[in-house]
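Engineer: take this sequence and fold it.
(one chain, ligands or ions: 1)
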Amino acid sequence: MNIYHLLARASTVHRDRPAVALGKTVLHDFAALDARARAIAAGLLSSHGLARGDRVAIVAANTPAYVETVWGIWAAGLAAVPVNAKLHPKEIAYILDHSGARVVFASPDKADAVAEARTHAPGVETAITLDGPDHDALLAGTPLASHAEMARDDLAWLFYTSGTTGRPKGAMITHDNLLATTTSYFLDIDQVPPGGAIVHAAPMSHGSGLYMFPNVAMGAAQVIPESGGFDALEIMDLIAHWPEVSMFAAPTMINRLVAKAREAAAPDFSNLRVIVYGGAPMHVADVERALDVLGPRLAQLYGQGESPMCITGLSRAYYVDRTHPRFRDRIASAGFPQSVVEVRVVDENDTPLPPGQEGEIVARGNPVMKGYWKNPEATAETLRGGWLHTGDVGVFDEDGFLTLKDRSKDVIISGGTNIYPREVEEVLLRHPGVLECSVVGAPHADWGEEVVAFVVAQPGVTLDEADLDAFVTAEIARFKRPKRYRFIADLPKSNYGKILKRELRDLLAAEAKDAANAG
Ligand code: AMP
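Structural biologist: Have a look, this model is predicted:
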């Protein structure tokens, strides 16, 4: 089944309901969204000569045109490649080239970055600017009579995760995977009332885009903030305006929203149904503060690109009963396995561990990706034994709640976005003055973590922070660059010569504590 079925169905069941809005302005109802998506589909197949299964990339921050374009891609039987709009042109080039995308859509502000990227991605035949003349020409065409027939394991969404070993990997998400994660939303996270709204405050190229599905299915509007991103005051205004609002947010965003709401005279969250958070752990104190301000309107999910939004979840009900004796343990956890996925904690031989014992979290079921695009080695390693190896360490308790303990991949999560130290280290190590380096996350009050680079200079070289910063930002996205540099004589290492990142983190944590005591 083509995931487009959800929109085809909504175009009759929810025909006149608002489907897409910019801020408070309704742009299209469901019948119009369906017609626009099918027009884009027809144009991609005829004028651009694409064939079923071809990849089409989108490089854009949240914008209404994103919605009709991505659904148009599915209507045509093509695969969408959502690209994080904040990536460096070189990183965009890698994804365009590796995915074999033949067409790329870009928002006007990303047109230059995409043009630069295309010089390294010769396979891209056409770039279309969202809301530009080529996009309008697609919309002016005759819509496809009906969406393409797809097999359940056909590729729908090629989601590039940042690579732990330098290069990002493309998780192949099928139509069936998307249907499974959508079903699980209703079973395990929340209901969506018809006529409600989802405010896309987080990037649609990532988690928020996946929450289009349950909301389209139920006839809820996709509301795109005019700022295209997260502005706490604007979000509060949109929540007060739209009925039955839901939202996906990284914990950092919720913290910022709560801080703004506390400054406001009379914040109105009565229309807020739920904020589903995930992507990074949220501290218990922050959850409690958010509940004080927002009311019992939180839910949580734990997932990853390889099993999108769907490994474990904690529904709204668990945030309501604050008198429960285990309330704090529960909200410190990531909840139960979602209904469509089996979850285990295993040892290094993949043997399941009993409650109370920490191990790697593995998952199996319909939402789990088919594999990594053009990367059979990584696929075999990650999906060995038929289970997705998440690289996350966790522990079940006797009540079945899973708590995430550590991130075995050393990923830094800053503002809900994953930053892989290895990527940054590889760039730094290309600098002629750098002998060795190690990048770690330091605790940060707003961002959760910030990127800190420990650098050992080549003998006789004096390194300059500004110079290193310029070097790094010429290669990778700004959000990945170290916010602080520490120049040291030697990196701490184990007997095997492995850099002891934990010692570096401990050092930073101790310094932060000293600074707090002194201040
Ligand atoms: P991504 O593939 O970018 O969605 O990142 C997925 C990773 O984010 C997971 O493997 C976890 O390490 C982390 N993560 C996601 N959800 C949660 C959560 N609810 N609590 C803690 N960490 C999470």
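Engineer: all strands of the stretch 351-500 of the chain, in order?
Structural biologist: With DSSP state E, counting those that start in this stretch, the ranges of strands along the stretch 351-500 of the chain come out as 359-365, 388-396, 402-407, 412-414, 417-419, 434-444, 448-457, 484-487.
Engineer: what helices and strands are in contact with the first one?
Structural biologist: Contacting strand 359-365 under the criterion 3 or more Cβ pairs under 8 Å, 6 or more residues apart in numbering; DSSP states H and E are the following elements: strand 307-314, strand 341-346, strand 388-396. Glycine gets a C-beta too; all of them are placed from N, C-alpha and C.
Engineer: mean neighbour count, mean pLDDT and distance to residue 379 added to those strands, as a markdown table?
Structural biologist: Shown next, in a markdown table, are the helices and strands packed on strand 359-365 (neighbours: other Cβ atoms under 10 Å; pLDDT from 0 to 100; distance: least, Cβ to Cβ, whole Å):
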| stretch | mean neighbour count | mean pLDDT | distance to residue 379 |
| --- | --- | --- | --- |
| strand 307-314 | 28 | 98 | 14 |
| strand 341-346 | 20 | 98 | 18 |
| strand 388-396 | 21 | 93 | 11 |
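Engineer: circling back: save the strands of the stretch 351-500 of the chain as CSV, and put in distance to residue 152 too.
Structural biologist: Shown next, in CSV, are the strands of the stretch 351-500 of the chain (distance: least, Cβ to Cβ, whole Å):
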stretch, distance to residue 152
strand 359-365, 14
strand 388-396, 18
strand 402-407, 28
strand 412-414, 32
strand 417-419, 29
strand 434-444, 39
strand 448-457, 37
strand 484-487, 48
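Engineer: residue 443 is in contact with residue 512, isn't it?
Structural biologist: Yes. The pair residue 443 / residue 512 is scored as a contact, 6.2 Å apart, by Cβ atoms under 8 Å.
Engineer: still on that earlier bit, residue 56: which of the strands of the stretch 351-500 of the chain is closest?
Structural biologist: Distance to residue 56, taken as Cβ to Cβ, is lowest for strand 417-419 among the strands of the stretch 351-500 of the chain, at 23.9 Å.
Engineer: packing partners of that closest one?
Structural biologist: The helices and strands touching strand 417-419, judged by 3+ Cβ pairs under 8 Å, 6+ apart, are strand 412-414.
Engineer: who's in contact with the strand it packs on?
Structural biologist: By Cβ atoms under 8 Å, 6 or more residues apart in numbering, the surrounding residues in contact with strand 412-414 are 279-281, 407, 418-421, 439-441, 444, 447-451, 479.
Engineer: out of those residues, which touch the ligand?
Structural biologist: The subset of the contacts of strand 412-414 within reach of the ligand, by Cβ under 6 Å from any ligand atom, is 279, 280, 281, 407, 418.
Engineer: just the buried subset of the contacts of strand 412-414, please.
Structural biologist: 279-281, 407, 418-421, 439-441, 444, 447-451 (16 or more other Cβ atoms under 10 Å).
Engineer: measure residue 104 to the ligand for me?
Structural biologist: 22 Å (Cβ to the nearest ligand atom, to the nearest Å).
Engineer: and that residue, bridged to which residues?
Structural biologist: residue 57, residue 127 (DSSP bridges).
Engineer: surely it meets residue 60?
Structural biologist: No. The criterion here is Cβ under 8 Å, and residue 104 misses it with residue 60 at 10.1 Å.
Engineer: stretch 231-249 close to the ligand?
Structural biologist: No. If you take Cβ under 6 Å from any ligand atom as the test, stretch 231-249 misses the ligand, and the best it gets is 11.1 Å.
Engineer: in that stretch, what's buried?
Structural biologist: Quick answer for stretch 231-249 (16+ other Cβ under 10 Å): 231-232, 234-236, 238-239, 241-242, 244-249.
Engineer: quick one: end-to-end length of it, please.
Structural biologist: Distance between the two ends of stretch 231-249: 12 Å, counting by Cα to Cα, to the nearest Å.
Engineer: now do that stretch: distance to the chain's middle.
Structural biologist: Averaging C-alpha positions (Cα atoms, centre = their mean, to the nearest Å) puts stretch 231-249 19 Å from its chain's average.
Engineer: same thing with stretch 26-43?
Structural biologist: With Cα atoms, centre = their mean as the basis, the mean position of stretch 26-43 lies at 25 Å from the chain mean.
Engineer: residues of stretch 188-207 that come out buried?
Structural biologist: 188-192, 196-207.
Engineer: are it and the ligand in contact anywhere?
Structural biologist: No. Judged by Cβ under 6 Å from any ligand atom, stretch 188-207 stays clear of the ligand, getting no closer than 6.6 Å.
Engineer: and that stretch, end to end?
Structural biologist: The first-to-last residue distance of stretch 188-207 comes to 16 Å (Cα to Cα).
Engineer: up against the ligand, what does the chain have?
Structural biologist: Residues of the chain lying close to the ligand (Cβ under 6 Å from any ligand atom) are 161, 278-281, 300, 302, 304-305, 334, 390, 392, 404, 407, 418.
Engineer: lowest-confidence one in the ones next to the ligand among the contacts of strand 412-414?
Structural biologist: pLDDT across these is lowest for residue 407, at 59.
Engineer: most distant residue from the centre of the chain?
Structural biologist: Largest separation from the mean C-alpha position in the chain: residue 460, at 42.8 Å (Cα atoms, centre = their mean).
Engineer: do you know how far it is from the ligand?
Structural biologist: As defined by Cβ to the nearest ligand atom, residue 460 lies at a distance of 41 Å from the ligand.
Engineer: likewise residue 30?
Structural biologist: Separation of residue 30 from the ligand (Cβ to the nearest ligand atom): 29 Å.
Engineer: picking up where we left off before, with distance to residue 400 added, can I get the ones next to the ligand among the contacts of strand 412-414 in a markdown table?
Structural biologist: Below are those laid out as a markdown table (distance: Cβ to Cβ, whole Å):
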| residue | distance to residue 400 |
| --- | --- |
| 279 | 22 |
| 280 | 22 |
| 281 | 19 |
| 407 | 22 |
| 418 | 27 |
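Engineer: looking at the residues you listed, which is nearest residue 427?
Structural biologist: For those, the nearest to residue 427 is residue 418 (16.5 Å; Cβ to Cβ).
Engineer: residues contacting that closest one?
Structural biologist: The contact partners of residue 418, by Cβ under 8 Å, 6+ apart, come to 161, 162, 279, 411, 412.
Engineer: likewise residue 152?
Structural biologist: Contacts of residue 152 by Cβ under 8 Å, 6+ apart are 1, 174, 175, 176, 179.
Engineer: pLDDT score assigned to the residue nearest the centre of the chain?
Structural biologist: Centroid-nearest residue in the chain: residue 206, 3.3 Å away (criterion: Cα atoms, centre = their mean). At residue 206 the predicted local confidence, pLDDT, stands at 91.
Engineer: state the phi and psi torsions of residue 125.
Structural biologist: The phi/psi pair for residue 125 (degrees, to the nearest 10) reads phi -90, psi -30.
Engineer: go on, residue 323?
Structural biologist: The phi and psi values for residue 323, taken as degrees, to the nearest 10, are phi -90, psi -10.
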